[in-house]
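*Asks:* fold the stuff below for me.
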Amino acid sequence: LGVFACMSLIINKMIGTGIFSTPALIFYLCGNIGTSLILWLIGGIVTFCGLSVYLEFGLELPFNGGEKNYLQRVFTRPRKLIDCVYAAQIVLLGFSSGNSYAFGKYVLFAMTGKRDGEDDWISRVIGVGVITFAIYLHVFHSGLSTRIFTILGFIKVFILALIISLGFLVFVGLIDIDQNDNFSNIWLNYDGFSGNSYNLSVGLLQVIYSFKGWENANYVLSEIKNPHKTLKISAPLSVLLTTGLYFLVILSYYLVIPKEEFKSSGVLIAGVFFNKIFGESITSRVLPIMISLSNLGNVFAVSFSHSRINQELAKESLLPYSKWLSHLPNSMFLHWLVTVLVLILPPNGDVYQFVVNLYSYPGTWINILVTLGLFYLQYNRVKEGWGCKDEEHRWHSYWAVSFVFLMANVFLAVFPFVPPPVLSDNGYPYFVFPVTGVSVLLSGGVYWAV
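*Replies:* Residues are numbered from 1 along each chain as shown. Reported below is the predicted structural model:
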């Protein structure tokens with residue numbers, strides 16, 4: 001993988017479902033436009049801080065595996081404990097279910113024009129089909145799958161640029177649509193709603209999910225040509241490009257979609273945007289297909305990288321049937337199996353929000369451990385032999401930058417346990433995803449003990 005392929009790998013994971021699906025939920029959780037924009041800005045800042053932490057680790061340890069290598073470098077006692085905890089998180093919760101489900105929703109929306117959840121099971125079936133297709137290509141046509149997700153990376157950027165261009169044309173009056181008053185008072189809460197600490201923490205978790213993927217190249221550094229040079233160029237450029245596009249896309253959404261409709265758009269916010277611009281026309285059906293291709297690119301990128309993490313874990317005998325799973329096709333099957341189970345098992349309700357939170361939450365604890373580990377290595381640089389002597393191969397994450405990333409993840413890890421003022425009826429208790437996430441991490445400790 002060269003610079004452009006590496007950028008495509010990162011962008012394909014970052015620009016997945018999130019920017020096309022989470023803005024409506026984030027607005028609903030925040031209660032007003034101003035707070036939601038601040039959350040998106042915070043998300044970009046936290047992402048850059050996290051990237052700095054991972055760049056230092058990645059350039060020091062340029063191998064496949066990502067956080068597995070970083071945690072192993074620091075937490076050496078008790079032996080293999082941290083490995084088992086990480087393995088539980090990445091194998092059981094490192095799935096492609098959110099993007100597979102959103103792919104199904106957008107394909108169904110393009111075919112029928114329906115936004116409601118009456119045909120939710122069809123979206124799940126389509127999701128199973130798309131992850132099966134991705135794994136098939138990875139196993140039997142790996143060169144083709146790499147070319148596909150590179151092309152899809154360019155399509156993603158084009159779609160975001162299209163949304164931004166349409167929003168700008170509406171802003172200058174070249175596209176005539178019904179005007180809304182979204183920006184008359186961006187701090188005015190709708191229906192007297194006020195974002196509370198619980199909602200804001202969940203909203204920030206959703207924002208972080210939308211930026212998720214900036215670390216994707218760290219998982220496959222052994223597949224990258226000259227990883228020291230390539231990662232230092234491709235990772236910051238990918239994050240900078242994506243962050244700028246995200247913020248302009250959110251502004252375009254608010255320019256076009258009234259608040260009342262915005263908060264009820266759910267996963268299909270981008271589809272509603274195109275309907276507002278083009279009406280119920282063939283164009284408004286074709287463009288959601290393009291968004292589904294963006295989701296497809298994310299499924300390809302995540303399954304490509306996470307299957308290799310599964311393989312690395314198996315090579316170190318950290319998984320049951322490790323000898324069998326150490327072969328890449330079998331580790332890809334494991335990723336497929338977990339993704340399919342998470343797609344079909346959740347009860348009726350807001351499946352997408354549940355899957356997103358379940359996918360994102362345990363990663364906050366891993367990020368906390370990784371950042372604390374970097375603090376330790378920097379403080380004990382001489383003792384631990386940390387820091388490459390070659391300036392070109394080195395990256396230093398400053399203390400303040402790493403601390404911002406640490407505090408953001410502590411906030412995201414703790415606040416989901418705080419009961420919200422008003423309990424929702426979305427089909428599951430508020431505490432289900434943090435409890436499930438922590439339980440999965442603890443199960444790694446149990447697996448180690450046994």
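*Asks:* backbone phi and psi for Asn64, please?
*Replies:* The phi and psi torsions at Asn64 (degrees, to the nearest 10) take the values phi -60, psi 150.
*Asks:* surely it touches Leu221?
*Replies:* Yes: the pair Asn64 and Leu221 passes the contact test of CB atoms under 8 Å, sitting 6.3 Å apart. In short, each C-beta sits where N, CA and C put it, glycine included.
*Asks:* among those two, which residue is more densely surrounded?
*Replies:* A direct count of neighbours by other CB atoms under 10 Å for Asn64 and Leu221 places Leu221 higher, at 22 against 19.
*Asks:* do I have it right that that one meets Phe63?
*Replies:* Yes: counting by CB under 8 Å, Leu221 touches Phe63, with 5.8 Å between them.
*Asks:* now the common contact residues for the two.
*Replies:* Overlap of the contact sets of Leu221 and Phe63 (by CB atoms under 8 Å, 6 or more residues apart in numbering) is empty.
*Asks:* tell me the mean pLDDT for the lengthiest helix in the chain?
*Replies:* Ranked by number of residues, the top helix in the chain under DSSP state H is helix 282-315. Mean per-residue pLDDT for helix 282-315: 82.
*Asks:* what is the burial count for Ser238?
*Replies:* 27.
*Asks:* residues in contact with it?
*Replies:* 6-7, 10-11, 14, 214.
*Asks:* let's see 10 Å
*Replies:* Neighbouring residues of Ser238 by CB atoms under 10 Å, 6 or more residues apart in numbering: 3, 6-15, 51, 153, 213-214, 216-217.
*Asks:* which ones among those map onto helices?
*Replies:* Using DSSP H, the members of those that fall in helices are 3, 6-14, 51, 153.
*Asks:* give me the buried entries from these.
*Replies:* 3, 6-14, 51, 153 (16 or more other CB atoms under 10 Å).
*Asks:* and the two most separated of these?
*Replies:* For those, the farthest-apart pair by CB to CB is Leu51 and Gly153; their separation is 17.8 Å.
*Asks:* distance-wise, check Phe27 relative to Phe274.
*Replies:* Using CB to CB, to the nearest Å, one gets 18 Å for the distance from Phe27 to Phe274.
*Asks:* those two: who's more crowded?
*Replies:* Neighbour count, other CB under 10 Å: between Phe27 and Phe274, Phe27 has more, with 28 against 23.
*Asks:* any idea how far that one is from Gly271?
*Replies:* Distance from Phe27 to Gly271, by CB to CB: 16 Å.
*Asks:* how about the strands in the protein?
*Replies:* For the chain, applying DSSP state E gives no strands.
*Asks:* so where is it shaky, pLDDT-wise?
*Replies:* By pLDDT under 70, the weakly predicted segments of the chain are 16-17, 113-119, 190-195, 266-267, 282-284, 347-353, 388-393, 421-428.
*Asks:* ok, and for stretch 56-75, which residues are buried?
*Replies:* Buried residues in stretch 56-75 (16+ other CB under 10 Å): 56-62, 64-75.
*Asks:* scratch that, stretch 433-450
*Replies:* Applying 16+ other CB under 10 Å to stretch 433-450 flags 433-434, 436-438, 440-441, 444, 447-448 as buried.
*Asks:* with only the CA atoms kept, save it in PDB.
*Replies:* The C-alpha trace of stretch 433-450 is given here as PDB (Å, rounded to 0.1, in the frame of the first residue of the first chain):
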ATOM      1  CA  PHE A 433     -24.200  -0.800  25.700                       C
ATOM      2  CA  PRO A 434     -21.800   0.400  28.500                       C
ATOM      3  CA  VAL A 435     -22.500  -2.700  30.600                       C
ATOM      4  CA  THR A 436     -22.200  -5.000  27.500                       C
ATOM      5  CA  GLY A 437     -19.000  -3.300  26.500                       C
ATOM      6  CA  VAL A 438     -17.300  -3.600  29.900                       C
ATOM      7  CA  SER A 439     -18.500  -7.200  30.200                       C
ATOM      8  CA  VAL A 440     -16.800  -8.100  27.000                       C
ATOM      9  CA  LEU A 441     -13.600  -6.500  28.200                       C
ATOM     10  CA  LEU A 442     -13.900  -8.400  31.500                       C
ATOM     11  CA  SER A 443     -14.600 -11.600  29.700                       C
ATOM     12  CA  GLY A 444     -11.100 -11.300  28.200                       C
ATOM     13  CA  GLY A 445      -9.800 -11.400  31.800                       C
ATOM     14  CA  VAL A 446     -11.900 -14.400  32.600                       C
ATOM     15  CA  TYR A 447     -10.600 -16.100  29.400                       C
ATOM     16  CA  TRP A 448      -7.100 -15.400  30.500                       C
ATOM     17  CA  ALA A 449      -7.700 -16.800  34.000                       C
ATOM     18  CA  VAL A 450      -9.200 -20.000  32.700                       C
END
